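Visitor: Got a predicted structure plus its sequence, pasted below:
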Amino acid sequence: MKRQLTCALAALLLAAGLAHGAERTAITIASEGASPPWDYIDENGALVGFDIDVGNELCTRMKLQCTFVAQDWDGIIPGLLVKKYDAIMAGMSITEKRKKSIAFSVPYAVAPNQIVMRRALGLPPGDSEAKLNLTDIDAAKKETIDKLRESLKGRTLGVLRSSNSEAVVQELFGDIAEVRSYDSQENLKLDLTSERIDGGLGDRLVWKQFLDTPEGKAVEFFGPELSGGTWGPGVGVGLRKEDADLAEAFDKAIEASTRDGTLGKISQKWFGVDIAPQLAN
Amino acid sequence: MDIMLLLTSTVTLTGGIPLTLLLTFASLLAGFVLAVPLAFMRASPRKWLSLPVLAYTYVFRGTPLLVQLFIIYYGLGQVGAIRSSVLWVLLRDPFWCCLLAFSLNGAAYTTEIFRGGIQAVATGMIEAAQAVGMSPLQIKRRIIFPIAFRSVLPSYANEVISLVKATSLASTVTLLEITGLSRKLVSETFAPYEIFIAAGVLYLGLTFLLTGFFNVLEARLNAAPQARTHPRRVILRQVPHEQ
């Protein structure tokens, strides 16, 4: 019995070794499936969205067979590390903290974030077209932030758990507002419409789509578009550090599809604006 | 495995113990208060008393607790009439939603456990109580319930332990009890292995204490009642029967 087990184990190891040495022909990509229009599950139960379209485009260019799987946001990095899949495409920003655990491709999108608040609160929304980059906060930026802090005092803000928005809200408003973390953007929206929370911080384009729905009418953008700081340079493909070959392939495919305008077209289709990264000439 | 991380996260996670315990004991108390009268109704031979309780326990035991929590938390929040009613003061808060779900669910199980105990009380005891002139309420309070409670104590202890673990579902509606804190820590460290093991160890510790408590309680309740003898006033003598 023991010998049989050892043999089986050896065979398994051998098979694994062979698979590792062989050229990649197929990869599995995880997406969240709960943040339209980035990625979501449609009526037929299929994963669709910007991430999925970009993923398929990149895979065609890399000549790889790609399968998409849905994975809850708060387990998406641990899942990659234990090899449940080979890449993450879920609107994930490239950040220093995540880089300690995983590697990233170059950005395939640059997306701003924004606070939303319930209209009924009657807060002065300020200039929601203005932009605020949180890298290198100077006196002028600090003034804007202090103004936001004043309005948000004592409010309850919702964020997606283990998102950068969570980190930013904790850092900027954690001491004056109550922060609640949700496992999906969908649940956050439900609590926003049922008035359990007063507002939230998240991806501007995700909010935009929600604000255009009948339920979203009760909510408005509040304060400037936020970027930089914790959010880093943009949204990239998350990969394991040891898969340098895969990172290189993704980088090449992203650059090529940015250059010929394919990424811009996919972005127009899902967001109505072009959020493809700007290429340095 | 990172032992240091395991130890430090165990310490951090102890911050979630008060909320876990509060949820457990508050819903335990509410569940007990609900379950005792419901169990007598359920055990009653009158159909109009027992059937509504049966319907209640059937629904709450027949659907997952997570579904019940989501219906109470996300479902009721969508109903405008509830949002504009006084109920919303409580239902707005995730803590009260959890308490409501856990209490109703726990009460359904506890009702069925107590019902079993009540129906197993020997008829002779009840007849004896009637014979000495106790009222129906007195019989329930002095005879039926103490005997029933003692006999179902092991199953009730089981229910309490399940409830401790069920409180982990509160993490799905933004509460930061042990599991909620673990998920938060995992999102900061990306190390689910160490942190969930630490959470498991804490739950194990809580269960250990509760099991110990119920073992002691069982031993005390089941010990033969001490005969209150007054040797100075009464002389007990054994009178042998004639063969």
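Guide: Ah, there it is. Numbering: from 1, shown residues only, chains lettered A, B, ... in the order given.
Visitor: can we go C-alpha only for contacts and neighbour counts from here?
Guide: Will do.
Visitor: what are the ranges of the strands in chain A?
Guide: Taking DSSP state E to define them, one finds strands in chain A at A:26-31, A:34-35, A:39-41, A:47-48, A:65-70, A:87-88, A:103-104, A:113-118, A:131-133, A:156-160, A:178-182, A:199-203, A:219-227, A:238-239.
Visitor: and of the ones you listed, who's closest to chain B?
Guide: Distance to chain B, taken as C-alpha to the nearest C-alpha, is lowest for strand A:178-182 among those, at 5.7 Å.
Visitor: Who does the closest one pair with, and is each partner parallel or antiparallel?
Guide: Paired with strand A:178-182 in the same sheet, following DSSP bridges, are strand A:156-160 (parallel).
Visitor: now what about the strand it pairs with, what contacts it?
Guide: Residues lying outside strand A:156-160 but in contact with it, judged by C-alpha atoms under 8 Å, 6 or more residues apart in numbering or on different chains, are A:165-166, A:177-185, A:188, A:197-202.
Visitor: and if we set it to 6 Å?
Guide: When contacts are taken as C-alpha atoms under 6 Å, 6 or more residues apart in numbering or on different chains, the neighbours of strand A:156-160 outside the stretch itself are A:166, A:177-182, A:197-201.
Visitor: before we move on, what about stretch A:263-272?
Guide: Residues external to stretch A:263-272 that are found in contact with it (C-alpha under 6 Å, 6+ apart): A:50, A:257, A:274, A:276.
Visitor: Could you rerun that using 7 Å?
Guide: By C-alpha atoms under 7 Å, 6 or more residues apart in numbering or on different chains, the surrounding residues in contact with stretch A:263-272 are A:37, A:49-50, A:54, A:205, A:257-258, A:273-276.
Visitor: what residues does chain B put near chain A?
Guide: B:74, B:77-78, B:92, B:174, B:187-188, B:190-192 (C-alpha under 7 Å from any C-alpha of the partner chain).
Visitor: Report the buried members of those residues.
Guide: B:74, B:77-78, B:92, B:174, B:187-188, B:190-192 (16 or more other C-alpha atoms under 10 Å in any protein chain shown).
Visitor: Which two of these have the greatest separation?
Guide: Checked with C-alpha to C-alpha, these reach their widest spread between B:Gln78 and B:Ala191, with 35.7 Å between them.
Visitor: Surely A:Ser165 and A:Asp203 touch.
Guide: No. Here A:Ser165 does not reach A:Asp203: they are 8.2 Å apart, not a contact under C-alpha atoms under 7 Å.
Visitor: circling back: among the strands of chain A, which is nearest A:Arg149?
Guide: Shortest separation from A:Arg149 across the strands of chain A is recorded for strand A:219-227, at 10.7 Å, computed as C-alpha to C-alpha.
Visitor: what residues does the closest one touch?
Guide: With C-alpha under 7 Å, 6+ apart as the contact definition, strand A:219-227 has outside contacts at A:112-119, A:125-134, A:211.
Visitor: Now list the buried members of these.
Guide: A:112-119, A:125, A:132, A:134, A:211.
Visitor: can I assume B:Leu90 is in contact with B:Trp96?
Guide: Yes. A contact is recorded between B:Leu90 and B:Trp96 when judged using C-alpha under 7 Å, the distance being 5.8 Å.
Visitor: With neighbour numbers in mind, choose between those two.
Guide: More crowded of B:Leu90 and B:Trp96, by other C-alpha atoms under 10 Å in any protein chain shown: B:Trp96, with 16 against 12.
Visitor: quick one: low-confidence ranges for the stretch 1-150 of chain A?
Guide: Using pLDDT under 70 as the threshold, the predicted model of the stretch 1-150 of chain A has low-confidence ranges A:1-22.
Visitor: residues from it in reach of chain B?
Guide: The stretch 1-150 of chain A comes close to chain B at residues A:74, A:77-78, as judged by C-alpha under 7 Å from any C-alpha.
Visitor: for the residues you listed, which one is nearest B:Phe70?
Guide: Nearest member of those to B:Phe70, counting by C-alpha to C-alpha, is A:Asp74, at 19.2 Å.
Visitor: any low-confidence regions in chain B?
Guide: Within chain B, the set of residues satisfying pLDDT under 70 comprises B:224-240, B:242-243.
Visitor: all helices in it, in order from the N-terminus.
Guide: Secondary structure of chain B by DSSP state H: the helices cover B:3-13, B:17-43, B:47-62, B:65-70, B:76-77, B:80-83, B:88-91, B:94-119, B:123-131, B:136-138, B:145-166, B:178-189, B:192-222.
Visitor: just how off-centre is stretch B:14-24 within its chain?
Guide: Averaging C-alpha positions (C-alpha atoms, centre = their mean, to the nearest Å) puts stretch B:14-24 16 Å from its chain's average.
Visitor: And that stretch, what's buried?
Guide: Neighbour-count burial for stretch B:14-24, counted by 16+ other C-alpha under 10 Å, picks out B:14, B:16-17, B:19-21, B:23-24.
Visitor: Outline the domain layout of chain A.
Guide: Listed by automatic domain parsing, the domain ranges of chain A are A:2-110+A:233-271, A:113-231.
Visitor: what about the ones you listed, which gets the closest to B:Gly106?
Guide: B:Gly106 lies closest to domain A:113-231 among the domains of chain A, at 25.5 Å (C-alpha to C-alpha).
Visitor: Off-centre distance for the closest one?
Guide: Centroid separation for domain A:113-231 versus its chain: 16 Å, with C-alpha atoms, centre = their mean.
Visitor: can you tell me the distance between the two ends of it?
Guide: From its first residue to its last, domain A:113-231 covers 9 Å (C-alpha to C-alpha, to the nearest Å).
Visitor: mind putting the helices of chain B in a markdown table, distance to A:Ile29 included?
Guide: Formatted as a markdown table, those follow (distance: least, C-alpha to C-alpha, whole Å):
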| stretch | distance to A:Ile29 |
| --- | --- |
| helix B:3-13 | 29 |
| helix B:17-43 | 36 |
| helix B:47-62 | 37 |
| helix B:65-70 | 29 |
| helix B:76-77 | 35 |
| helix B:80-83 | 40 |
| helix B:88-91 | 39 |
| helix B:94-119 | 34 |
| helix B:123-131 | 66 |
| helix B:136-138 | 66 |
| helix B:145-166 | 33 |
| helix B:178-189 | 20 |
| helix B:192-222 | 20 |
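Visitor: between the ones you listed, which one is nearest to A:Leu239?
Guide: Once the helices of chain B are compared by C-alpha to C-alpha, helix B:178-189 is nearest, at 16.8 Å.
Visitor: Report the buried residues of the closest one.
Guide: For helix B:178-189, a neighbour-count test (16+ other C-alpha under 10 Å) marks B:178-189 as buried.
Visitor: which one is B:Glu170 nearest to, not counting chain neighbours?
Guide: Quick fix: residue B:170 reads Ala, not Glu. The shortest distance from B:Ala170 to any residue other than its chain neighbours is 6.2 Å, reached at B:Cys98 (C-alpha to C-alpha, 6 or more residues apart in numbering or on different chains).
Visitor: any idea how far the one you found is from chain A?
Guide: Distance from B:Cys98 to chain A, counting by C-alpha to the nearest C-alpha, to the nearest Å: 15 Å.
Visitor: May I ask you to confirm that that residue is in contact with B:Ser171?
Guide: No. Using C-alpha under 7 Å, B:Cys98 is not in contact with B:Ser171; the gap is 9.7 Å.
Visitor: What does A:Gln38 show for phi and psi?
Guide: Actually, residue A:38 is Trp rather than Gln. The phi and psi values for A:Trp38, taken as degrees, to the nearest 10, are phi -60, psi -60.
Visitor: got the contact list for it?
Guide: The contact partners of A:Trp38, by C-alpha under 7 Å, 6+ apart, come to A:49-51, A:90-91.
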